[in-house]
Structures are given as structure tokens and as C-alpha cells.
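1. Okay, predicted coordinates and the sequence, questions at the end:
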Amino acid sequence: MKVLVTVKEVAEADDDFAIEGTDIAESDLEYDLNEWDDYAVEAAVQLAESGVADEVVAVTVGPERSEETIRMALAKGADRAVRVWDDALEGSFPDVASKVDLFEAVVEEEEPDLILGGVQAADTGFGATGVALAERIGFEHAAVVNHLDVDADEGIAHVHRELEGGVEELTDVDLPAVLTVQTGLNEPRYASLRGIRQAQRKEIAAKDLSDLGLTADDVESALTITSMYEPESESDAEIIEGDAGESAGRLAEVLREKGVSA
């Protein structure tokens, strides 16, 4: 059984950052593997370690810089990786449909039995790519998975799903399937020194649009960022400083001023 894991490099801004045009200044960004995708990688590697999966392939959409992130998946146990990027994607803000177009083309090449991914990305938070991909390629799907048991012989994934109000749904999903996982599904491992060394020798296949049989028009995003700014704060909050006595005195004074305390 082949497992394909979709991973994303996400950016986190410093506490103090500058805005340049319609983006945050590159110097104020730090990049890392998306938290939810880390759980998907761990799930895939555990399937390989238990003998359920024969191969784990990680796939990402991102520039050359993102190879550092996808090597984290390789260091944790993925066998190889695919990185999709093209000059036509530079400067764009991909919507769900355009990302699905790219992943669909990779799925056609790889022919996986199971696709795992995080339920959402820390930067955009759309939470729709996995489900949209399943619909496009005709796979069964389940979202917000917090427990997973795969029976490859029967071709079934036994999953628990976390629903609203603390309700959990237990269901069986026929393979091939797309499952988007929630944090808490497992405990993602740290990459070992040996794994990091091995990751440097593992294949990362770089593919552009032409390699996937696509054109720039095929993946044109319907989203455009027109402006970016920090909203002005309307809060008049006061931070009370000092020792316990001073803080208590000032708090009492404020409460009296607001008519809360006599």
C-alpha cells in the first residue's frame, strides 16, 4: 500500500513585523512544517513501521526554500518526496481549487491507496483542500480524524472523527481514501540525527506545471490580495504594573472610577 502525505510549509511572523506591499517582510518570517501535517506524517510513518504501508511519499507545493521543510518529513521516515512549483505560481495566492489541481496531477502519477493530510493549515486555515481533493479524484474521505486503524487486507480505514460538542463518530472508510487528521491523533516524533542524515540522500522530485500536464491558466487562483495592513486597536486597556499592593490599589481605583465598586 502506498501512502501519500500532503505537507505544507507555513510562515509565522515575528511579534514585531513590517508590511511590504501585500505581504509581510520576508526578514520577519520564519518557516516551518504545518503543525497538523506533522501528525499526518507521523501517522503515515507508523503505518509503514507496522507493515501496513509499503511506501510513504510526501508532496508539497512550494518554492525551492520549502525543500528544508519537506526534508523534515523525510527525516521522520517518509521514503521520498515530490515538490511542485513553477514560475507561474510565484507571487500568487493559491485558492483551494488551484491547489487541488496540482495535487490531483500528482495523485494521477503516484496512484496512492491512502492520502493523509492535516485538517487545516496554520496560515490560511481554509480546512478544505483535503475534502475538495477527495471529491475531485473520486476517493472516499473523512475529516477531523483523531484515531486511525487501517486494515489493508480488507481495504478499510477504521476512523474516529471529532465532531462539534465533544461528540466522536466511529466510522469505516473504504480505500482508496483521503483522510485529514486532527492534532492529538498521535505524538509526532522528533527527527533523529540518523534520520536527518538519511533525509539528505532521499529523493525530492521537483516538478513544474509542464511535468504535470498543466498550464498557468489551469491553476489560476480566484483569490487576489489587494491590500495588507495592521488594524488600529480601539482598546483602551491599561496594563497595571508594580508589586501586589500597588497593583491591588490601582485596580481598586479603576473599579471605583468605572462605578463597579463602592
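-> Received, thanks.
2. CA atoms only: put the longest strand seen in the chain into PDB for me.
-> In the chain, taking DSSP state E as the definition, the longest strand is strand 140-151. What follows is strand 140-151, C-alpha atoms only, in PDB (Å, rounded to 0.1, in the frame of the first residue of the first chain):
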ATOM      1  CA  GLU A 140     -13.900   8.300  -0.100                       C
ATOM      2  CA  HIS A 141     -13.000  10.800   2.600                       C
ATOM      3  CA  ALA A 142     -13.200  11.600   6.300                       C
ATOM      4  CA  ALA A 143     -12.100  14.900   8.100                       C
ATOM      5  CA  VAL A 144     -11.000  15.800  11.600                       C
ATOM      6  CA  VAL A 145      -9.700  12.200  12.200                       C
ATOM      7  CA  ASN A 146      -8.300  11.700  15.700                       C
ATOM      8  CA  HIS A 147      -7.900   7.900  15.700                       C
ATOM      9  CA  LEU A 148      -6.900   5.700  12.700                       C
ATOM     10  CA  ASP A 149      -6.600   2.000  12.200                       C
ATOM     11  CA  VAL A 150      -6.000   0.700   8.600                       C
ATOM     12  CA  ASP A 151      -6.800  -2.800   7.500                       C
END
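3. what residues are up against Arg80?
-> Arg80 makes contact with 55, 57-58, 74, 202-205, according to C-beta atoms under 8 Å, 6 or more residues apart in numbering. Where C-beta positions appear, they are placed from N, C-alpha and C, glycine not excepted.
4. Neighbour-wise, which one of those residues leads?
-> With neighbours taken as other C-beta atoms under 10 Å, the top of those is Ala58, carrying 31 neighbours.
5. where does this structure have its least confident helix or strand?
-> Every helix and strand of the chain was ranked by mean pLDDT, DSSP states H and E. The lowest is strand 23-24, at a mean of 84.
6. re the thing from before, most widely separated two among the contacts of Arg80?
-> Greatest spacing in the contacts of Arg80, by C-beta to C-beta: Glu55 and Ile204 (14.9 Å).
7. Can you show me the helices along this structure?
-> Secondary structure of the chain (DSSP state H): helices at 35-49, 67-75, 96-110, 129-137, 193-199, 244-257.
8. looking at those helices, which has the lowest confidence?
-> Across the helices of the chain, helix 244-257 has the smallest mean pLDDT, namely a mean of 88.
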